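Trainee: Pasted the sequence and its predicted model underneath.
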Amino acid sequence: MLKIYDTAQRAIVDFVPRTEGAASMYVCGVTPYDIAHLGHGRTAVVFDIMRRHLTHRGYAVTFVTNVTDIEDKIIARAAAKGTTESDLAQVFQDEYWQQMDRLDVQRPDEMPRATEFVPQMQALIAELIAAGRAYVIEGSGVYFDVASLEDYGKLSRRSLEQLIDSAGSRVAVDDDKHSPVDFALWKAAKPGEPEWNSPWGLGRPGWHIECSAMALEILGEGFDLHGGGDDLVFPHHENEIAQAEGAGHPFARYWLHSAMVMVGSEKMSKSAGNFPSLASAIDAHGAATFRWVVVRTHYRRQMEITDDALRAAGAEMEGFNALARRAHRGGIAAAPTADISAFLSVMDNDFDTPNAVAVIHGWRSAANSALDDGRADDASALVAQVRAALAVLGITLDDGSANGGDAEIDALVEARAEARRAKKFAESDRIRDELAGRGIVLEDTSSGTVWRRS
RNA sequence: GGCGGCGUAGCCGAGUGGUUCAGGCAGAGGUUUGCAAAACCUUGUACAUGGGUUCGAAUCCCAUCGCCGCCUCCA
């Protein structure tokens, strides 16, 4: 039985989908106005693993991730760069998916862009007005009337009083709004900004409405899982719920939130300017290592992704790759099927990847022992378990088979092997040192020498 | 100020009342190897502090200290 931590209930609960055997999932995507950072990488990997695990458990998963391609930051950045909003969004969306592809993050089944769903947003806004949950301020826009919704704040556990108390202390309040906590559904057009026609005049959608409208449009009422970074709980997800339920549409059954990535004990954020790029981390340490460092910490726990952390994770990954190389060189093929039930049941407990990692390490160690002892069948089964479990985590091992293409290195490796056979160790060591100088590390196995780049 | 989380051995990171242990990285010793590399084996009595509950607490309760997040755009 899959159990998940539901932010709304603040508890680990059984996952019971809307439709048996299916799982519909909406994960808030990015606002593409700058390059992807480490936090984007973590969040994407976390939800990708949830998706893979659900799929592995037999659910037919429908996975939706939106793109917020019209928003204040995009408008400001496009103006600063002298480009259009859509071009700017496209550039950074492409960069984002380029990194996601390197990380083997599976593409969503649907990737709706906010600008393509303006009619649906307007329809939802109209419903909210009709339901008495929203009001129009001429020349300003349409606002959600928070006080009209009895249980507003239920996701983030905030009361209306405390919200009103703190409102205005950090954000300027529009005096025309009925309450300082009311938020914009539709913003009246401003000169030089993109605009759409609407029953309330030219303008553009507020930030939160897109996700309510698109999730309902694509996944329907009462879809299963809604996810995102935990910085979105309030106000974004809270407002999504208000917009959907305020119009009478049951919204997400479960809420999943992944914790933030910290840098130097502070939350990384674009506004603070402390955001190491995802690309540079992958460049330096590899995609599998990045995934591994994410997986080592539970998704609901804050973590730092430092160079040291990546190095340690890289050392672990290297151990797994070494196993794959050994098995490959020794002609040990992974068994066609693998029993990874021990791994899966750990994962069933709210995607407990840290403990799942321990299970995989156990198999790795046992596989090496089996290879040491020449127990080929055991080794084959264990290697298969390691590979299958890692696949659920989105990691594919490098067994070195792609290293065969370098004729020059292969020739040197062979020359060294000959020298060794002739017991000319001075010569064989000289060749090994030469290769080491070029970043090539040799490993002599019982079935021959394999090499890798260090 | 309100809401929430965290503080575990050199480092990362599980664990929520009890024989024996998370797991990993780094370190040390050993086996293997011509020497290495890789691998395997052995090796660490840690739980912020002070009280309390209990036969027994890292684990429950209270207090204290420290760190972090949300309350503003943010993955």
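Mentor: Ah, there it is.

Trainee: hang on, A:Lys187 packs against A:His208?
Mentor: No - using Cβ atoms under 8 Å, A:Lys187 makes no contact with A:His208, being 11.8 Å away. Glycine gets a C-beta too; all of them are placed from N, C-alpha and C.

Trainee: Who has more neighbours out of those two?
Mentor: A:His208 (23 against 19; other Cβ atoms under 10 Å).

Trainee: Local confidence estimate at the closest residue in space to the more buried one that isn't next to it in sequence?
Mentor: Spatial nearest neighbour of A:His208, excluding adjacent residues (Cβ to Cβ, 6 or more residues apart in numbering): A:Asn239 at 4.0 Å. On the pLDDT scale, A:Asn239 is placed at 96.

Trainee: One more: the one 3 residues further on?
Mentor: We note a pLDDT of 96 for A:Ala242 in this prediction.

Trainee: I'd guessed it sits against A:Ala147; true?
Mentor: No - counting by Cβ under 8 Å, A:Ala242 sits too far from A:Ala147 to count as a contact (11.1 Å).

Trainee: Please say which of the two ends up with more neighbours.
Mentor: A:Ala242 (28 against 14).

Trainee: Any figure for the gap between that one and A:Leu155?
Mentor: Using Cβ to Cβ, to the nearest Å, A:Ala242 is found at 9 Å from A:Leu155.

Trainee: what does the stretch 151-300 of chain A have sitting close to RNA strand B?
Mentor: A:156-158, A:162-163, A:165-167, A:169-171, A:207, A:228-236, A:258, A:260-262, A:265-271, A:296-298 (Cβ under 7 Å from any atom of the strand).

Trainee: Can you classify A:Val386 by secondary structure?
Mentor: Secondary structure assignment for A:Val386 (DSSP: H, G, I helix; E, B strand; the rest coil): helix.

Trainee: Tell me where the stretch 351-454 of chain A has strands.
Mentor: Assigned by DSSP state E, counting those that start in this stretch, the strands in the stretch 351-454 of chain A fall at A:440-445, A:448-453.

Trainee: can you list the weak-confidence ranges in chain A?
Mentor: Filtered on pLDDT under 70, chain A yields the residue ranges A:167-175, A:265, A:270-274, A:403-405.

Trainee: domains for it, by residue range?
Mentor: Domains of chain A are assigned by automatic domain parsing as A:3-258, A:266-392, A:402-453.

Trainee: Could you give the secondary structure assignment for A:Arg51?
Mentor: helix.

Trainee: right, and it touches A:Ala44 too?
Mentor: No - between A:Arg51 and A:Ala44 there is no contact, the gap being 10.4 Å when judged by Cβ under 8 Å.

Trainee: so A:Ala417 makes contact with A:Thr449?
Mentor: Yes - when contacts are counted by Cβ under 8 Å, A:Ala417 is listed as touching A:Thr449 (6.2 Å).

Trainee: Name all residues that make contact with A:Asp48.
Mentor: Under the criterion of Cβ atoms under 8 Å, 6 or more residues apart in numbering, the contact list for A:Asp48 reads A:103-106, A:394.
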